[in-house]
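Asker: Compute the structure for the input listed below.
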Amino acid sequence: MAKHDLETREKQAHKFIEQGHKMQIEMTLRGREMAHVKRAIEQMNLFIKNLQEEAHVIQPVSKKCRRITVVLQANK
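Answerer: Okay, here's the model as predicted:
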């Protein structure tokens, strides 16, 4: 995922958090991407770290088949 793509998703996430919504962030790996699961999880953790001030993790990062998911909720 390119830096600009990550920034765009972060802006969208900020909007959801400001409105008080829960968010499920999902990354689907395809083909050769399955060989780089560790890198995908690192990117997901970086995304969470960037939102850490406004949101906290409800459901930690998990891998199911080809999907990596995490659920966040706004801090009160």
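
Asker: can you pull the pLDDT of K76?
Answerer: K76 is assigned a predicted lDDT (pLDDT) of 77.

Asker: same check, this time on K64
Answerer: For K64, pLDDT reads 93.

Asker: Bridged to it, which residues?
Answerer: R67 (DSSP bridges).

Asker: Neighbours of it, how many?
Answerer: 8 (other CB atoms under 10 Å). Backbone N, C-alpha and C define where each C-beta goes, glycine included.

Asker: where's it relative to L6, distance?
Answerer: To L6, K64 is 22 Å away according to CB to CB, to the nearest Å.

Asker: repeat for Q59
Answerer: Applying CB to CB, the value for Q59 to L6 is 21 Å.

Asker: now T28
Answerer: Computed as CB to CB, the T28 to L6 distance reads 16 Å.

Asker: Between these two, point out the one with more neighbours.
Answerer: Legend: neighbour count by other CB under 10 Å for T28 and L6, higher for L6 (14 against 11).

Asker: check contacts around V71.
Answerer: K22, M23, Q24, I25, V57, I58, Q59 (CB atoms under 8 Å, 6 or more residues apart in numbering).

Asker: Test my guess that E33 contacts M27.
Answerer: No. Counting by CB atoms under 8 Å, E33 does not reach M27; the two are 9.1 Å apart.
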